[in-house]
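Undergrad: Here is my input; please provide its structure:
(chains A and B)
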Amino acid sequence: MDFEVISSYIPKYIEAFWLTIRIGWIGIALSIVIGIFTAFVLHFKVPVLSAVSKVYVELFRNTPLLVQLFFIYFALPKIGISVKADTCGAVGLGLLGGSYMSEVFRSGLDGVAASQTESALALGLSKRQLFFYVIFPQALSLSVPGVVANVIFLLKETSVFSAISLMDLMFTAKDLIGLYYNTTEALFLLVVFYIIMLLPVSVLGSIIEKKLVVFGH
Amino acid sequence: MGLEVLLKGNNFIRLLLGLSVALKISLVSVVISIVLGVVLGILMALKNPVITVVSRVYLEIVRIMPQMVLLFIVYFGSTKALLINLSAEAASIIVFSFWGTAEMADLVRGALGSIPVIQYESSMSLGLDKFQTYRYVIVPQIIRRMIPLSINLITRMIKTTSLVMMIGIVEVLKVGQQIIEANRKSSPNAAFGIFLVIFLMYFLACWPISMLSRYLEKKWEN
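TA: Residues are numbered from 1 along each chain as shown, chains lettered A, B, ... in the order given. Below is the predicted model:
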């Protein structure tokens, strides 16, 4: 391994790292919003919207992100909907993640015991209070482990962005290998930067999960 | 809309053949993953300190490394570091099995851990010997917990194999691109039709399997 090569590559990787992080977290934020919304709609069986959400969740859970991105990036412009590569990445990740988050939040909502609702009503809480003070906080804490797992999954999925020419970590590695043939150095940095990106999330996730078990009981 | 391209020549058949390439890779990887995963999962449940540490590191690597990165390391790295020339198919089967084994092992360990001690104690007090306890009490319960989750692994494997186009395997997405290129002049909108069809093909490959997994999970819940 040549350390001069490595140090000359680092700035390129840092740039790609921030791009990956930026699009990744926008996508994740979007997926949480979509997930919570569709979970509510599905849990409370809102007419029409729940049918739409159901189709959406099934479609996006059962297709790969790569295919979704190709569809958004290459197919939609043909019917007049053009999106830039970075928007496409964030939206694609948000849509994929939304379908996974939806399942997580829904099982969180389903997991709140019926006796909680009954007790709250018996204590004279209004519907609104029941939801915001009793159901929502419990559903949220039940969802945390699933959300953490999905965040890690989605950050890993960002590696697919290179397929639509976004200059992410994967793209940079591939580009450098193609230009200079320093395969070992390029792959080494790729691994290092993914560890920097994902290890803290993974460790933090485990800590939060442990804390929550205590809180839940 | 670009759908007419599909009816031209044997384009639709070519897409299906492309999909079958991806499905074949995922099927082989799933079989390897399930076998190795069950073995590793049982080893992990033994709580041997060395196995625990090694498997922990292995699971963490799989947990945080994108499959695409692993694919690149094995495909491009092996040529350089070990001076062997792996075919893209072999590289992808190695990577997906490496990933799937970790997932499977974690599921097996979880299922083994989820059987309450009272099951073992009750079996013993009923006079069952160790073999009978496992044969009639523990293993059937584990299998019920495992099957829906392993079926779920199959759909995840199928979705992940779409990545193999990135290391040059001609599968459904690559075939789609070729068809779009070849018909650039005659049907400029081919991209819409082709990618829509590929999207639906993947959906039709994975959805029934997901439904089966969910059905079994519900059925065997208690």
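Undergrad: So the helix or strand where residue A:184 lies, near chain B or not?
TA: Take DSSP states H and E as the rule and residue A:184 turns out to sit in helix A:183-216. Yes: counting by CB under 8 Å from any CB of the partner chain, chain B has neighbours in helix A:183-216: A:183-184, A:187, A:190-191, A:194-195, A:198-199, A:202. Where C-beta positions appear, they are placed from N, C-alpha and C, glycine not excepted.
Undergrad: Report the mean confidence score over that helix.
TA: Averaging pLDDT along helix A:183-216 gives 85.
Undergrad: List the buried residues in that helix.
TA: For helix A:183-216, burial by neighbour count (16 or more other CB atoms under 10 Å in any protein chain shown) applies to A:183-191, A:193-194, A:197-198, A:202, A:205.
Undergrad: And the furthest pair within those residues?
TA: Greatest spatial distance in those: A:183 and A:205, 32.0 Å, computed using CB to CB.
Undergrad: in chain B, which helix or strand is least confident?
TA: Every helix and strand of chain B was ranked by mean pLDDT, DSSP states H and E. The lowest is helix B:78-81, at a mean of 76.
Undergrad: Counting by contacts, list what that one packs against.
TA: helix A:183-216 (3 or more CB pairs under 8 Å, 6 or more residues apart in numbering or on different chains; DSSP states H and E).
Undergrad: Run the chain-centre distance for the helix it packs on.
TA: Put simply, helix A:183-216 sits 14 Å off its chain's centre (CA atoms, centre = their mean, to the nearest Å).
Undergrad: Next up, the contacts around residue 135.
TA: Looking at chain A here, since you left the chain open. Residue A:135 makes contact with A:109, A:112, A:116-117, according to CB atoms under 8 Å, 6 or more residues apart in numbering or on different chains.
Undergrad: right idea, wrong chain: chain B
TA: Not one residue lies near residue B:135 by CB under 8 Å, 6+ apart.
Undergrad: Next, the buried residues of stretch A:22-31.
TA: Buried residues in stretch A:22-31, counted by 16+ other CB under 10 Å: A:23-28, A:30-31.
Undergrad: Can you tell me which of the residues you listed is closest to chain B?
TA: Closest approach between the buried residues of stretch A:22-31 and chain B, by CB to the nearest CB: residue A:24, at 11.3 Å.
Undergrad: so what's that closest one closest to, chain neighbours aside?
TA: Nearest non-adjacent residue to residue A:24, counting by CB to CB, 6 or more residues apart in numbering or on different chains: residue A:158, 4.5 Å away.
Undergrad: So what's the residue count around the one you found?
TA: The local packing of residue A:158 (other CB atoms under 10 Å in any protein chain shown) involves 28 other residues.
Undergrad: what's the answer for residue A:33, then?
TA: Counted with other CB under 10 Å, the neighbours of residue A:33 add up to 13.
Undergrad: That one and residue A:40, how far apart?
TA: Distance of residue A:33 to residue A:40, computed by CB to CB, to the nearest Å: 11 Å.
Undergrad: swap in residue B:95?
TA: Distance, residue B:95 to residue A:40, using CB to CB: 38 Å.
Undergrad: higher neighbour count, these two?
TA: The neighbour comparison of residue B:95 against residue A:40 (other CB under 10 Å) goes to residue B:95, with 25 against 20.
Undergrad: who are the neighbours in contact with the more buried one?
TA: B:67, B:70-71, B:74.
Undergrad: Can you give me the distance of residue A:210 to residue A:141?
TA: Applying CB to CB to residue A:210 and residue A:141 gives a distance of 13 Å.
Undergrad: same thing with residue B:19?
TA: Distance, residue B:19 to residue A:141, using CB to CB: 41 Å.
Undergrad: Those two: which has the busier surroundings?
TA: residue B:19 (22 against 15).
Undergrad: wait, the more buried one sits on residue B:172?
TA: Yes: counting by CB atoms under 8 Å, residue B:172 is a contact partner of residue B:19 at 4.3 Å.
Undergrad: what touches both of these two?
TA: Joint contacts of residue B:19 and residue B:172 (CB under 8 Å, 6+ apart) are B:198, B:201-202.
Undergrad: with those residues in mind, which one is nearest to chain A?
TA: residue B:202 (4.6 Å).
Undergrad: about what we covered before: OK, contacts around the residue nearest to residue A:24?
TA: Neighbouring residues of residue A:158 by CB under 8 Å, 6+ apart: A:20, A:23-24, A:27, A:89, A:93, A:168, B:66.
Undergrad: Please repeat the previous calculation with a cut-off of 10 Å.
TA: A:19-21, A:23-25, A:27-28, A:65, A:89-90, A:93, A:166, A:168-170, A:194, A:197, B:66, B:68 (CB atoms under 10 Å, 6 or more residues apart in numbering or on different chains).
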